[in-house]
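*Asks:* Below is the sequence, then the predicted model.
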Amino acid sequence: MTTVILHVSDIHFSHDKTDENDSRTLALNGLSRTISDQLSDWRPNMVCLTGDIARRGKSEDYELAGVWLTKLLDQLGLSPEALFICPGNHDVNRDYASSLARPASAKEADSVLAFPPHPQPLFSDF
């Protein structure tokens with residue numbers, strides 16, 4: 001079987017009401033239509049969503065992304081195992097990240113990044 005990958009990046013889902021969200025909706029709906037029109041040999045059997053899934057790393061943003069991703073996977077007849085997600089800089093929970101001290105030296109950075117990792121994640125759960 002040939003692997004056909006749909007690679008989507010920087011979709012910046014946001015629950016805010018903006019013109020940017022309207023444009024994103026139009027683009028993502030167009031993507032869905034285009035995928036539906038493809039011959040079976042060109043239909044993706046893997047989806048890679050890389051970087052900046054959310055606009056501000058808020059759980060509400062990921063709820064919107066989850067709805068869209070579920071619809072997309074259903075449309076493609078794919079299970080969640082066919083989805084690869086890699087967060088980007090907008091996927092950081094900035095409310096938490098801004099409370100972290102910035103290391104002043106390499107030695108301090110080594111201490112902050114030492115194992116075991118900090119129990120509070122920088123990225124939201126999605």
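*Replies:* Received it, and whenever you're ready, just let me know what you need.
*Asks:* Let me see the contact set for the residue nearest in space to the middle of the chain.
*Replies:* For the chain, residue 53 is the residue whose C-alpha lies nearest the centre (C-alpha atoms, centre = their mean; 2.9 Å). Residue 53 makes contacts with 11, 12, 13, 61, 62, 65, 85, 87, 88, 90, 91, 126, as judged by C-beta atoms under 8 Å, 6 or more residues apart in numbering. C-betas here are computed from N, CA, C, even on glycine.
*Asks:* Distance of the residue lying closest to residue 32 once chain neighbours are set aside relative to residue 33?
*Replies:* The shortest distance from residue 32 to any non-neighbouring residue, by C-beta to C-beta, 6 or more residues apart in numbering, is to residue 75 (6.2 Å). The spacing between residue 75 and residue 33, counted by C-beta to C-beta, to the nearest Å, is 10 Å.
*Asks:* One more: residue 47?
*Replies:* 16 Å.
*Asks:* Kindly report the same for residue 110.
*Replies:* For residue 110, the distance to residue 33 - C-beta to C-beta - is 50 Å.
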